[in-house]
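Peer 1: Need coordinates for the below:
(2 chains)
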Amino acid sequence: MMMMRCWKIASLPSSSAIDLLQRLELGNPKSLNSLPFPFFNCFYALNKESPLFYCQNSYFSTTPSKKSKYVFDKIDDALALFNHMLRTHPYHCIVEFGKLLSAIVRMRHYEIAISLWRQMELLEIHHNVYTLNILVNCFCRLHRMDFGFSVLGKMLKLGIEPDVITFSTLINGLCIGGNVAQAVRLFDDVFVREGCQPTLFTYNTIVNGLCKIGETTRAVRLLRTIEERGCAPNTITYNIIIDSLCKDNHVTEALKLFSEMSGKGIPPDVVSYNCLIHAMCNSCQWKEATTLFNEMVAANCKPDVITYSVVVDALCKEGRVLEAQDILERMIQQGIEPNIVTYNSLMDGYCLRGEMDEARKVFNSITNKGCTPDVFSYNIIINGYCKAKRIDEAVKLFHEMTQNGLIPNVVTFSTLINGMSQIGRLAVAQEIFKEMYAYGLVPNTIAYSSLLYGLCRHGHINEALGFFRAMQSSGLEPNIVHYNILIDGLCLVGQLKVARKLFYALTVKGVHPSVYTYSTMIKGLCKEGLLNEAYELFRKMEVDGCMRNSCSYNTMIRGCFHNNDISRAIQILHEMVQKGFSADVSTVAMVVDILSSDSTGESFRALVQKL
DNA sequence: CTAGGGTTAG
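Peer 2: This next block holds a predicted model:
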């Protein structure tokens, strides 16, 4: 740590280091080592633009400049400072306490910030609008809007007038909880009816809320309203909408807004480019992604760790892990250190290819690279082992993560449940499902579907139906994946009639069948020899607006083979090839099987030759 | 003190 401190100071030009210290009234660098007693570790930054000044085992005896803020690398250091401040009499001014609370909030320790806030209150350290706003924000982040609004009441009782930040924070809280309608209502109440002046922060919060619930069109309308009201949108306003348009697959519109902002003199930044590059990479438009990358460099927007991580992730998802490795090396050459997200993407890339030993190598090297595996890292590698049917290693890592102080989440549990379901260890899968509650977690739709899948796949259809009803009683709305699993499970145990009934009831339930639903139903019908009905459904699905994919064709062709309708199989095979799809492994296996059989092989060959 | 971008499960 000592070395690190020296490096930090040494990395500053000496004149600016001394200047910095003088502004902090801490004397010259040497005096740091002779400070009275080890106390706390903290970074003390003058402001965003200033270099960080690392200060270990020291404390500040004087009040630093107004713009300064605390940056801690450990929560304990923040607590040590707090305790120190409580022991100092008379107390530090509330502004200093506010800065400390704000540093804790930046570390996302909302509960701790609330607890310190309460301690201050008990010690009759008077809060101001700043510390009250921080408290509001903490409750908002913890999804406790009820308490957030109580703080508003408290402010009024204390005679402290809530300001635009108080309301913007509350509006943001409502948006975070998906309660955008209420957020808009609060906005109208405060800023329209009461005639308060919203800031761009307030508008951007609403724009973001609308985008996050998929109301991008409304967000664009709000962008126009903001302009009409004489408030100039900024880069962030545009970035929020550009990102949302990209995620909705409206990349053309996103690009339109992108050029619009430049035209208005609102400069795109690294975030704007990252959103667009992300969209291009994910849709395999590599040429466009490269153009944007070069453009951003030319526009003096330096690609950052997120830019490179986006590219690494997209390459990995395409199975191009070696190219991803190249990018990773290039980013290091450019002086940008990969972070845990970059390594997680790379690791997942190997997992997706089933190359678990390579994935493990990445996992094991994370610590050496100066990063710490997080819950994502463990979830990714656990999933990799589950998919590779190496369940023991998955379980071992689950225990390892808890030993390392990481708290498994719903994804961890769902992954393990699915892994156990896949290999038929249903009792264990059910145990893990129950274990979730012990961790204070609430299973979501995916957690339910993981176990539902196991029950169905292994023929426990009645248990599955009961479990499905339990999910509904818990207030979760079933989606198409649940129905796909149930329909498949019903077909598997020969309950075709029930499966069919469920299939035709989907639209009434307001759930749209997916390509997979059709394939499942077609497979089920073929299994019971109802080839004509299956074929009718195969034709009808596109009429109903569900485009056939490779899986649909393969399922239908296998169904034909299964029912010995070779000529129909060939007809559909022909159509499939014309559409640019190809036979999958099990279809090819069936074709090979038929070709090698004496009875049908001959006629099959004859028919194939006619194609 | 309030607003934006990248990673995981069915």
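Peer 1: what's the spacing between the residue lying closest to A:Thr587 once chain neighbours are set aside and A:Val508?
Peer 2: Nearest non-adjacent residue to A:Thr587, counting by Cβ to Cβ, 6 or more residues apart in numbering: A:Asn554, 4.8 Å away. From N, CA and C alone the C-beta is placed, and that goes for glycine too. Distance of A:Asn554 to A:Val508, given as Cβ to Cβ, to the nearest Å: 29 Å.
Peer 1: Neighbour count: the two, which is higher?
Peer 2: A:Asn554 (23 against 7; other Cβ atoms under 10 Å).
Peer 1: Now for A:Ser519, how many residues are close by?
Peer 2: With other Cβ under 10 Å as criterion, A:Ser519 counts 25.
Peer 1: Which secondary structure element is home to it?
Peer 2: helix A:515-527 (DSSP states H and E).
Peer 1: Run through who's touching that helix.
Peer 2: Residues from elsewhere that reach helix A:515-527 (Cβ atoms under 8 Å, 6 or more residues apart in numbering): A:480, A:483-484, A:487-488, A:490-491, A:496, A:499-500, A:503, A:506, A:513, A:531, A:533-534, A:537-538, A:541, A:546-549, A:551-552, A:555-556, A:558-560, A:562-563.
Peer 1: any idea which helix or strand carries A:Cys138?
Peer 2: For A:Cys138, the element it lies in under DSSP H and E is helix A:129-141.
Peer 1: Beyond that helix, next helix or strand please.
Peer 2: Once the chain leaves helix A:129-141, the next helix or strand it forms, by DSSP H and E, is helix A:145-158.
Peer 1: chain center to that following helix: distance?
Peer 2: 31 Å (Cα atoms, centre = their mean, to the nearest Å).
Peer 1: which parts of it are buried?
Peer 2: Across helix A:145-158, burial judged by 16 or more other Cβ atoms under 10 Å covers A:145, A:147-149, A:151-152, A:154-155.
Peer 1: restrict those to those near DNA strand B?
Peer 2: Residues of the buried residues of helix A:145-158 in contact with DNA strand B (Cβ under 7 Å from any atom of the strand): none.
Peer 1: Now flag whichever of these is closest to A:Phe433.
Peer 2: A:Met145 (30.0 Å; Cβ to Cβ).
Peer 1: quick one: the closest one from A:Lys157, how far?
Peer 2: A:Met145 is 19 Å from A:Lys157, where distance means Cβ to Cβ.
Peer 1: swap in A:Arg193?
Peer 2: 22 Å.
Peer 1: Likewise for A:Met556?
Peer 2: Counting by Cβ to Cβ - A:Met556 and A:Lys157 are separated by 70 Å.
Peer 1: What of A:Ile480?
Peer 2: Using Cβ to Cβ, A:Ile480 is found at 50 Å from A:Lys157.
Peer 1: Show me what from the stretch 101-250 of chain A comes close to DNA strand B.
Peer 2: A:102, A:105-106, A:129-130, A:133-134, A:137, A:163-166, A:168-169, A:172, A:199-202, A:204-205, A:208, A:234-237, A:239-240, A:243.
Peer 1: next helix or strand past the helix holding A:Ser519?
Peer 2: Beyond helix A:515-527 toward the C-terminal end (DSSP H and E), the next one is helix A:531-543.
Peer 1: Give me the distance between whichever helix or strand comes after that next one and the centre of its chain.
Peer 2: Counting by DSSP H and E, the next helix or strand C-terminal to helix A:531-543 is helix A:550-562. With Cα atoms, centre = their mean as the basis, helix A:550-562 stands 35 Å off its chain's centre.
Peer 1: Quick one: list the elements packing against helix A:550-562.
Peer 2: Judged by 3 or more Cβ pairs under 8 Å, 6 or more residues apart in numbering; DSSP states H and E, helix A:550-562 is in contact with helix A:515-527, helix A:531-543, helix A:566-578, helix A:585-595.
Peer 1: just the ones you listed: most buried one?
Peer 2: helix A:515-527 (a mean of 22; mean count of other Cβ atoms under 10 Å).
Peer 1: Using PDB, write down the CA coordinates of that one.
Peer 2: Provided in PDB are the C-alpha atoms of helix A:515-527 (Å, rounded to 0.1, in the frame of the first residue of the first chain):
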ATOM      1  CA  VAL A 515     -41.800 -20.500 -33.100                       C
ATOM      2  CA  TYR A 516     -40.800 -23.000 -30.400                       C
ATOM      3  CA  THR A 517     -44.400 -23.500 -29.300                       C
ATOM      4  CA  TYR A 518     -45.400 -24.400 -32.800                       C
ATOM      5  CA  SER A 519     -42.500 -26.800 -33.200                       C
ATOM      6  CA  THR A 520     -43.300 -28.400 -29.800                       C
ATOM      7  CA  MET A 521     -47.000 -28.900 -30.900                       C
ATOM      8  CA  ILE A 522     -46.000 -30.200 -34.300                       C
ATOM      9  CA  LYS A 523     -43.600 -32.700 -32.700                       C
ATOM     10  CA  GLY A 524     -46.300 -33.800 -30.300                       C
ATOM     11  CA  LEU A 525     -48.900 -34.300 -33.100                       C
ATOM     12  CA  CYS A 526     -46.400 -36.200 -35.300                       C
ATOM     13  CA  LYS A 527     -45.500 -38.400 -32.300                       C
END
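Peer 1: relative orientation of it and helix A:550-562 in degrees?
Peer 2: With axes from the mean of the first three to the mean of the last three Cα atoms, to 10 degrees as the basis, helix A:515-527 and helix A:550-562 are set at 0 degrees to each other.
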